[in-house]
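Peer 1: Pasting a predicted model and its sequence here:
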Number of protein chains: 2
Amino acid sequence: MTQEQFAKYSFLLDRTARKVKQYAQQQFKQGDFDVTVDQWLVLKNLSEHGLLSQTELANLVFKDHPTLTRIIDLLCKKGYVERIPHPQDRRSFQLHLTDSGVAKVTSLRPKILEIREKAWENLNENDFDEFKRILNTIYQNLDGQVMEE
Amino acid sequence: MTQEQFAKYSFLLDRTARKVKQYAQQQFKQGDFDVTVDQWLVLKNLSEHGLLSQTELANLVFKDHPTLTRIIDLLCKKGYVERIPHPQDRRSFQLHLTDSGVAKVTSLRPKILEIREKAWENLNENDFDEFKRILNTIYQNLDGQVMEE
DNA sequence: TACAAATAATTAGTGTGACAAATATATAAA
DNA sequence: TTTATATATTTGTCACACTAATTATTTGTA
C-alpha cells in the first residue's frame, strides 16, 4: 500500500466525524432538544460527576478551556447550569446542574442513545471493539500520553 | 454490551478526529507551511484534478459551499489559487492553481505524507482496512447515499 | 514577609462547519 | 417569449477549535 493511499485515513476520519455530529445535530433539532451535541456532552458529564470545576470538566470532555467557557456560558443562559463560587479557591467555580438541567438530562438521555444507534447498522460488537482500539491507538500515537479506558 | 457503552463511539470518534487535525496543524505551523490542514486538502485536490468549479471541488472534499467559498477566499489572498470566470457559464468559476500554488503543493506533499504516518505506529495494514470499512459504513448509515470507492 | 511561579478562568482573533437566505445566471416549461 | 424552476456562488449568523494574551488568585520559595 502506498503512503498516499495510507494517508487517506485523515480524510475519512474527519468526514465521518463530521457526519456523525451533523446527523445527531439534525435529530436534536428535529426533536426540539434545545441543546447542541457538544452542550449535551457537557450536561451529561455534569450529571454523572456532580460538582466539577471547569478544569476538571475540560479534562473529562477533552475540550480546551476557551471552548468550555463558551459552552458553559450558553448553558447558564439557558438555565441548565450555574456557576457557584468555589468556597476555598476564589479563582474557581463549581459547576452545578439546575433542576431544569437535571430534568433535561433525564428526558434526553434515552432519545439520544437511540439516535446514536443508527450509526451501527450493519456492524457488530466486534467491529465496535476494533474501532475503539484503533481510535484509541491513533489518539495515543499523536498525544504521547497514557490513556485511561 | 449496554447501549450506554456502545454510544461512546461518538465521543471517541470526535476526540480522535480533533487530535488528528490538531497534530497535523501543529506540524504545519512548526514547518511554516503557510496553510491550514483544510486549505491543504483543497490545494491537493486542485493539483490532482485540474480546473474545477467550486461545486465540483465541494463534492470532492465533502465540504459545503459556504465553507469552500471562504477557504478559496483565503487561498486567493495567499496567491495560491485564482478564480477564472467560466467561459460558458457566468455564474461559475474555474479554480486554477497559480505557479506559486503548484510549487506549494510540490514542496509540501512529501512532508505531509510523513506527518500522516505518525498516527499509524503500532497499527498494520489490516487495521487500516478495517478502520476504513467501519468509517465508511458509519458514513453510509447516516448519509443514506451510495458511496464510491 | 515579599516576590516569583503556577493555576483558574476569561477574552480576543482566526479558521472551520452547519444552516438559511440572498443574488445572479441559466435552463425548462407554459 | 414569458415565467417558473434550477444551479453556482456568496453573505449572515451561530457554534466550536486552537492559539495567545490577560486577569485574578494561589502557592512555593527566598
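Peer 2: Nice, I can see it. Please read these numbers as outputs of a predicted model, since none were measured by experiment.

Peer 1: what mean pLDDT does whichever strand or helix holds residue A:71 have?
Peer 2: Residue A:71 is located in helix A:65-77, with elements delineated by DSSP states H and E. Across helix A:65-77, pLDDT averages out at 97.

Peer 1: Would you check how far apart the most centrally placed residue in chain A and residue B:10 are?
Peer 2: In chain A, the centroid-proximal residue (C-alpha atoms, centre = their mean) is residue A:41; its distance is 3.7 Å. To residue B:10, residue A:41 is 9 Å away according to C-beta to C-beta, to the nearest Å. The C-beta positions use only the backbone N, C-alpha and C, and glycine is treated the same way.

Peer 1: Same check on residue A:14?
Peer 2: Distance from residue A:14 to residue B:10, by C-beta to C-beta: 15 Å.

Peer 1: again with residue A:42
Peer 2: 14 Å.

Peer 1: Looking at these two, which one has more neighbours?
Peer 2: Between residue A:42 and residue B:10, counted using other C-beta atoms under 10 Å in any protein chain shown, residue A:42 has the larger neighbour count: 25 against 21.

Peer 1: Not counting its neighbours along the chain, what's nearest that one?
Peer 2: Take residue A:42 and drop its neighbours on the chain: the residue closest to it by C-beta to C-beta, 6 or more residues apart in numbering or on different chains is residue A:71, 5.4 Å away.

Peer 1: What is the burial count for the nearest residue in space to residue A:7 that is not next to it in sequence?
Peer 2: The spatially closest residue to residue A:7, leaving aside those adjacent along the chain, is residue B:116, at 4.0 Å (C-beta to C-beta, 6+ apart). Neighbours of residue B:116 under the rule other C-beta under 10 Å: 21.

Peer 1: What residues does residue B:116 make contact with?
Peer 2: A:3, A:6, A:7, A:9, A:10, B:24 (C-beta atoms under 8 Å, 6 or more residues apart in numbering or on different chains).

Peer 1: Pull out the buried residues from those.
Peer 2: A:6, A:7, A:9, A:10, B:24 (16 or more other C-beta atoms under 10 Å in any protein chain shown).

Peer 1: which residues sit in contact with the second one?
Peer 2: So that's residue A:7. B:112, B:113, B:116, B:117.

Peer 1: can you pull the pLDDT of the third one?
Peer 2: Same thing as residue B:116. 95.

Peer 1: just the second one next, same as before
Peer 2: Reading off the per-residue confidence, residue B:113 sits at a pLDDT of 95.

Peer 1: quick one: it and residue A:3 touch, right?
Peer 2: Yes: with contact defined as C-beta atoms under 8 Å, residue B:113 reaches residue A:3; the gap is 4.7 Å.

Peer 1: Just name the closest of the buried ones among the contacts of residue B:116 to residue A:65, please.
Peer 2: residue B:24 (21.9 Å; C-beta to C-beta).

Peer 1: May I have the secondary structure class of that closest one?
Peer 2: helix (DSSP: H, G, I helix; E, B strand; the rest coil).

Peer 1: Against residue B:29, how distant is the closest residue in space to it that isn't next to it in sequence?
Peer 2: Ranked by C-beta to C-beta, 6+ apart and with sequence neighbours excluded, the top spatial neighbour of residue B:24 is residue B:37, at 5.0 Å. According to C-beta to C-beta, residue B:37 and residue B:29 sit 10 Å apart.
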